[in-house]
Every structure is written in structure tokens, then in C-alpha cells.
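# missing the sequence, but the structure's below:
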């Protein structure tokens, strides 16, 4: 079993954001991207509001991230779920989701929502595995094909994810 450490970080300062953007561009277009294309995307990106940003690491190496913004009425929206390729399938994404659920509850968020694309099959499977149910469109995200929601409740029997 891998021990993951999850901590709150500054989204604007994390190099994981650029890796996330590169992967989203490449997967959407089905081809490799380049620095100029990533730079243009980051300049024009409207998704800058990420007040809660978690980074997961192992042995001091940052390997993934997950952000959350506040939608109001006790709802939060997950964004920027990313795990570096060599660490996928090893529990890093699950650690991020569990930690974000605790962070959300601590901030008064009782419902989490997210949108994703049809090409991100493994992401949709991950969300379903963690209790997210597919719902109707709740936002106007141009590239989204699927929308999910999960109602949160505090678990008293499970140990918390290590946060630093």
C-alpha cells in the first residue's frame, strides 16, 4: 500500500497545472501539444478561480492535484483532477478525492459537482467508484459531456487522509 500525503497548495504556483493543461489539450485534439499552444490556452483560460487546491505527493514528490471552487448554496465544484502518468492506478486520485471531501465539509460544502468529457473514461470511472452520480447539465462548460454530483456526509469510522 502506498502512503500518500495530501496538502493544501497555491494553484497559481503549481507546475501540475501546466501538466494538466497539456494533457487536456493533447487528449481533446488527439495529438501532442506544444509550449506555444499551452501558453495560449493559459492566457485565454477562463477557469482561474480555484480557491481550494490540493496536491498529493509520495516521498516528497508532487504527483497530482485537485481543485475546488465554491458554487454557493453549500455546493462546490471539482476541477483540475490530474495525476502524473507513472502514478495512475496506485491510489493517488482516490487520496485526493477523499481529502477534498474532508476539506469541502470543513468549509461548509455538502454537495460536490463536476463536469468532464467523454474522452476521459478513466475519470468518469473514478468518480462513479467514489459515489458520484451522473446528473443533468448544471453549467455551461463548453467542452463538458458529463456532469456528476455527490452529497457529502462526515464519516466517523474512516481515518482521515494525512494532510500537511
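Good, I have the coordinates. Note that this is a predicted model, so its numbers are computed, not measured.

# Next one, pLDDT for residue 26 please.
Confidence at residue 26, expressed as pLDDT, is 85.

# tell me which residues in the host helix or strand of residue 149 are buried?
Under the criterion DSSP states H and E, the helix or strand holding residue 149 is strand 146-151. Of the residues in strand 146-151, 146, 147, 148, 149, 150 count as buried by neighbour count, 16 or more other Cβ atoms under 10 Å. For the C-beta atoms, the positions are set from N, CA and C on the backbone; glycine is no exception.

# Quick check: next helix or strand after the lengthiest strand in the chain?
Assignment by DSSP state E gives strand 61-72 as the longest strand of the chain. Sequence-wise, the next helix or strand downstream of strand 61-72 (DSSP H and E) is strand 75-83.

# could you point out which element follows that next one?
Using DSSP H and E, the next helix or strand after strand 75-83 towards the C-terminus is helix 92-106.

# Which residue is the nearest non-sequential neighbour of residue 104?
In this structure, residue 104 finds its nearest non-sequential neighbour in residue 76, 5.1 Å apart by Cβ to Cβ, 6 or more residues apart in numbering.

# rewinding a little: okay, now the sheet partners of the strand holding residue 149, with direction.
Here strand 146-151 has these sheet partners by DSSP bridges: strand 111-116 (antiparallel), strand 133-135 (antiparallel).

# would TSV of those with mean pLDDT be doable?
As requested, these are exported to TSV (pLDDT from 0 to 100):
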stretch	mean pLDDT
strand 111-116	95
strand 133-135	96
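
# hang on, the earlier thing: compute the inter-axis angle for the strand holding residue 149 and strand 75-83.
Computed by axes from the mean of the first three to the mean of the last three Cα atoms, to 10 degrees, the angle separating strand 146-151 from strand 75-83 equals 120 degrees.

# so where is this structure shaky, pLDDT-wise?
Within the chain, the segments meeting pLDDT under 70 span 1-2, 45-48, 155-164.

# Residue 76 contacts residue 51, correct?
No. Counting by Cβ atoms under 8 Å, residue 76 stays clear of residue 51, with 9.6 Å between them.
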